[in-house]
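> I need the structure of the sequence given here:
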Amino acid sequence: MNPAAFIAAVAIYILASYISTLRWKMLIPHKTETKRMFDMYMIGAFFNICMPGLIGGDAVKIFYLGREIKNKNGKVECRKLQTGENALAVASVFMDRYIGFAALMTIALITFPFGFGYLQNTPVKWLIPFVVATFVIGSFFVFRFRIGGHINFISNVYDNFSLYKNQRSVLGRCFAYSLMIQVLSVLGVYILALGLSMKISFLSVFIFLPIIIVISFLPLSISGIGLREGAFVFLFGLTGIAEDMAMTLSLIWFFSIIAASSWGLVEYLRFKAVLGSDIE
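Numbers count the residues shown, from 1 in each chain. This next block holds a predicted model:
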C-alpha cells in the first residue's frame, strides 16, 4: 500500500467530516462554535465504528448537542418552540442524515443506468430503485402523516421540523454539501485503489459505492464489518477485480476511516469535561 494514498484517504475523510459539520450546523437554530460541533461530530464518527450499522454515533451527537443547547442560550429558542432541547437535537441530527441519504440516493440513481450492464444478471440489480422508492414513500408517510406523532416526544421532534419548512436556501446548501461529501467518499476509495495499484475506473467506484454504503447501513454487524467486505468482493468482482484485491480495498478503506475517526476518541477523552460535567 502506498502510504501517501492512505494518508490522503484519511485526510479526505476528515475533510468530508468537516463539511458534514458545516451542514449539521446550518440545521441548528442555536449558535455553537464550529470547532465544538466538529468535536461532537468526530466523537459520533468514532462511536459509529463501534456500534451496529453506520448510525450508532448519532445517539452520541444527540446527547451532547442536547446538553449543549440546554445549558447555553439555545434554550431560548427551545422555549419559543416549547419542544425541549433533546427534540431539537434529534430533529437536527435526523435532518442531517436525511439530506445526506437523499444525496446518496440521487447519485445512485444518476449512476444506475451506467452500472445496469454489470448488475443485470445479479440479485441486486433493482436494489437501488427499490431503496429509492422505499425512501420516497417512507418520507411521504413520515412527514405527511406524522407517524408516531401521538407520542409526546416524537410530536415535539415533528414540531422542530417546522424550522426547515421555509428555509429552502438552507436545505439547498445542505444538499449541495451532501453531494460534495459523497464525491469525496468516492474519491477516497479511488485513491486507495490507486495506492494498491489496482486497475479500477473512477466510474465503477461511483456506481458501486452507494450500493455498498446502503448494504453497510443494515444493523447486522458492528460498523458494517463483513457486509461491506462481501459487497466489495461481489460488486467489484463484476468488473474483473480479484476477490483478494477487492477485500483488501474494503479493509484498507475501513482502516482509513478508523484512523480518521480516532480523532473522535481523542476528543472524547480530552474534552469530556468540556462537553460533559463542565456544562451541567
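> going forward, measure contacts between C-alpha atoms and count neighbours the same way
Will do.
> residues making contact with stretch 35-52?
Under the contact criterion C-alpha atoms under 8 Å, 6 or more residues apart in numbering, stretch 35-52 has outside partners 17-18, 21, 25, 54-61, 64-65, 218-224, 258, 261-265, 267-268.
> please indicate which of these are buried?
17-18, 21, 25, 54-61, 64-65, 218-219, 221-224, 258, 261-265, 267-268 (16 or more other C-alpha atoms under 10 Å).
> about what we covered before: filter the contacts of stretch 35-52 down to just the ones in helices.
Counting by DSSP state H, those place 17-18, 21, 25, 57-61, 64-65, 258, 261-265, 267-268 in helices.
> residue boundaries of the helices in the stretch 1-150 of the chain?
Secondary structure of the stretch 1-150 of the chain by DSSP state H, counting those that start in this stretch: the helices cover 3-26, 34-48, 57-70, 75-81, 85-119, 127-145.
> need those in a markdown table (columns: mean pLDDT).
A markdown table is the format used below for the helices of the stretch 1-150 of the chain (pLDDT from 0 to 100):
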| stretch | mean pLDDT |
| --- | --- |
| helix 3-26 | 96 |
| helix 34-48 | 89 |
| helix 57-70 | 81 |
| helix 75-81 | 40 |
| helix 85-119 | 90 |
| helix 127-145 | 90 |
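> can you redo these as TSV with distance to Arg228?
What follows is the helices of the stretch 1-150 of the chain, written out as TSV (distance: least, C-alpha to C-alpha, whole Å):
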stretch	distance to Arg228
helix 3-26	17
helix 34-48	14
helix 57-70	18
helix 75-81	40
helix 85-119	16
helix 127-145	15
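> of all those helices, which lies closest to Leu209?
helix 85-119 (8.6 Å; C-alpha to C-alpha).
> list the helices and strands that closest one packs on?
Packing partners of helix 85-119 (3 or more C-alpha pairs under 8 Å, 6 or more residues apart in numbering; DSSP states H and E): helix 3-26, helix 57-70, helix 75-81, helix 127-145, helix 152-165, helix 168-195, helix 202-216.
> tell me the angle of that helix relative to helix 3-26?
Using axes from the mean of the first three to the mean of the last three C-alpha atoms, to 10 degrees, the inter-axis angle of helix 85-119 relative to helix 3-26 is 130 degrees.
> so how far is helix 85-119 off the chain centroid?
8 Å (C-alpha atoms, centre = their mean, to the nearest Å).
> which parts of it are buried?
85-97, 99-105, 107-109, 111-112, 115, 118-119.
> give me the neighbour count for Lys35.
Lys35 has 11 neighbours, counted by other C-alpha atoms under 10 Å.
> no no, Met245
18.
> what about the nearest residue to it once chain neighbours are set aside, distance to Ile28?
Nearest non-adjacent residue to Met245, counting by C-alpha to C-alpha, 6 or more residues apart in numbering: Met198, 7.7 Å away. From Met198 over to Ile28 the distance is 42 Å, taken as C-alpha to C-alpha, to the nearest Å.
> what do you get for Pro219?
Look at Pro219 and Ile28: by C-alpha to C-alpha, they are 27 Å apart.
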